[in-house]
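Please find the sequence and the predicted model below.
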Amino acid sequence: MAATALAIIRRRNPTWDLHKLNLASICLNDSSLHSPKDLTSQHSEGLTETTSVELKPSAVIHDFSQLLPNKDNTEKRPPHFDNLKPAFAFLRCNSISLNNLRSTTEVFNSLGERIDDFAIAWIGKNYKRYRWLLGFSNGDQYRMLIDCFQVVLLSYYSKHCDYRRFRRHLHETLFDKFIMKELCNRQIYTKALRSQFDIPPSRFHLQNVCSYHSKFLVRLVLIANNDVTKIRFVCHVLYTIELLIKEMLIHSNGVKEKKKTTKTDSAYQTLFNRRWKHLMKFGKKIPVPIMSYFEILFKFCLQILSPILEHCTESHYEGCNILLSKRYVQSELLMLNDKRFIAQFQMLNWERFQDQLKSVK
């Protein structure tokens, strides 16, 4: 099977030097060869997307430098680009799905093995920059480039980072900053990218970027396979949803209107009133035009929560309690009184924690 696949690859790509790209050990491993069905289905992970290995034959790229604009190839590039070449070679034969990364553990781990802190900071910074290419109408053609950055980051943080540092990077750098700052200021990136890649004016699809980034965060959490990391991050995302709802309620005067129409507090209103005082006193403000961004940010959070909840075996750890956070969000959504968001939130897989409900007060 491997020999046949290798013969087909060589026939279609006569200029491809397998030994130069150090791919022989990858391509000859039957566990890394996937059928088209394997590449488009991630089973229960909920991470299906177009992957680098699904490029059409006419779009086959033979060298990492071909992923960059021609004018960038004539200029002196930072030496850190060399750290992405093994990732490019890896993605020539593999998808970026969790199942595949786990089945090629040895090769996958080696991608971030010898990268120093300075280089990984540069790779992280440029991932955050190039991911905005996916929002353009022709964004799919840049997916391979962005996947190279992503797979190196996944490899590095899965093995070469202490827990506290990883948690800060995941919660603050990759999640909080995306919502609080980068989303609204994306023009800083998109304007420069249009010029660099000669992209003509077109509609920008923000949801494409949010979807890609959410899958990256999910992979980053699940690849470590650590229950504490899952619980803490789920609770962090749920708290962020609370802050988003808080901004919506303040903007729409939803709290005052609800109190006018009800004479006595229901159970969810009692819970909400208690939580509302905490949010008003300690909850930070989310500096985005909330009416314009609430729906897309709410969906972004749900896209993260859905696959991670599928892999959670426990609901609480020390001060973090997923089910209690869930109850807070439910009470706030009921105060917001929008059936769409209530239904979408309820559709998450909460049933797996049914036997732990009694412990939630």
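Okay, I see it.

low-confidence ranges in the stretch 151-300 of the chain?
In the predicted model of the stretch 151-300 of the chain, residues 161, 254-265 satisfy pLDDT under 70.

For the host helix or strand of Arg327, output the C-alpha coordinates as PDB.
Arg327 is part of helix 322-336 when elements are defined by DSSP states H and E. Taking C-alpha atoms only, helix 322-336 is exported to PDB below (Å, rounded to 0.1, in the frame of the first residue of the first chain):
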ATOM      1  CA  ILE A 322     -18.100  23.800  34.700                       C
ATOM      2  CA  LEU A 323     -21.700  23.100  35.800                       C
ATOM      3  CA  LEU A 324     -21.900  26.100  38.100                       C
ATOM      4  CA  SER A 325     -20.500  28.300  35.300                       C
ATOM      5  CA  LYS A 326     -23.100  26.800  33.000                       C
ATOM      6  CA  ARG A 327     -25.900  27.800  35.400                       C
ATOM      7  CA  TYR A 328     -24.700  31.300  35.500                       C
ATOM      8  CA  VAL A 329     -24.700  31.600  31.700                       C
ATOM      9  CA  GLN A 330     -28.100  30.100  31.500                       C
ATOM     10  CA  SER A 331     -29.600  32.600  33.900                       C
ATOM     11  CA  GLU A 332     -28.000  35.500  32.000                       C
ATOM     12  CA  LEU A 333     -29.200  34.200  28.600                       C
ATOM     13  CA  LEU A 334     -32.700  34.000  30.000                       C
ATOM     14  CA  MET A 335     -32.400  37.600  31.100                       C
ATOM     15  CA  LEU A 336     -31.200  38.400  27.600                       C
END
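
what helices or strands is that helix leaning on?
Counting contacts by 3 or more C-beta pairs under 8 Å, 6 or more residues apart in numbering; DSSP states H and E, helix 322-336 packs against helix 227-252, helix 254-261, helix 267-282, strand 316-317, helix 339-346. Using the backbone N, CA and C atoms, a C-beta is placed for each residue, glycine as well.

Just tell me which of these ends up closest to Phe353.
With C-beta to C-beta as the measure, strand 316-317 is the member of those nearest Phe353 (9.5 Å).

so what strands line up beside the closest one?
strand 320-321 (antiparallel) (DSSP bridges).

follow-up on the earlier one: tell me the buried residues in the helix holding Arg327?
Buried residues in helix 322-336, counted by 16 or more other C-beta atoms under 10 Å: 322, 324-336.

Which of those residues sits closest to Phe294?
Minimum distance to Phe294 across these is 9.4 Å, recorded for Leu336 (C-beta to C-beta).

how about the helix or strand hosting Arg102 as CSV, C-alpha atoms only?
Assessed by DSSP H and E, Arg102 sits inside helix 98-103. Provided in CSV are the C-alpha atoms of helix 98-103 (Å, rounded to 0.1, in the frame of the first residue of the first chain):
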residue,chain,number,x,y,z
LEU,A,98,-6.0,15.4,16.0
ASN,A,99,-6.3,11.8,15.0
ASN,A,100,-3.5,12.1,12.5
LEU,A,101,-1.2,14.1,14.8
ARG,A,102,-1.6,11.5,17.5
SER,A,103,-0.9,8.6,15.0
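
Domain map for this structure?
For the chain, automatic domain parsing gives the domain ranges 39-225, 228-359.

Go ahead and name everything in contact with stretch 108-126.
For stretch 108-126, contacts defined as C-beta atoms under 8 Å, 6 or more residues apart in numbering pick out 78, 80, 83-84, 86-87, 90, 101-102, 149, 151-160, 169, 173.

just to revisit the earlier point, now do the next helix or strand after the helix holding Arg102: distance to the chain's middle.
For helix 98-103, the following helix or strand on the C-terminal side (DSSP H and E) is helix 105-110. Centre-to-centre, helix 105-110 and its host chain are 21 Å apart (C-alpha atoms, centre = their mean, to the nearest Å).

buried residues in helix 105-110?
By neighbour count on 16+ other C-beta under 10 Å, the buried set for helix 105-110 is 107-108.

Next, count neighbours for the closest residue to Leu309 other than its chain neighbours.
Residue nearest to Leu309 in three dimensions, not counting chain neighbours: Asn349, with 5.1 Å by C-beta to C-beta, 6 or more residues apart in numbering. Neighbourhood size, Asn349 [other C-beta atoms under 10 Å]: 14.

Which phi and psi values does Asn349 adopt?
Note on Asn349: backbone dihedrals following degrees, to the nearest 10 are phi -80, psi 80.
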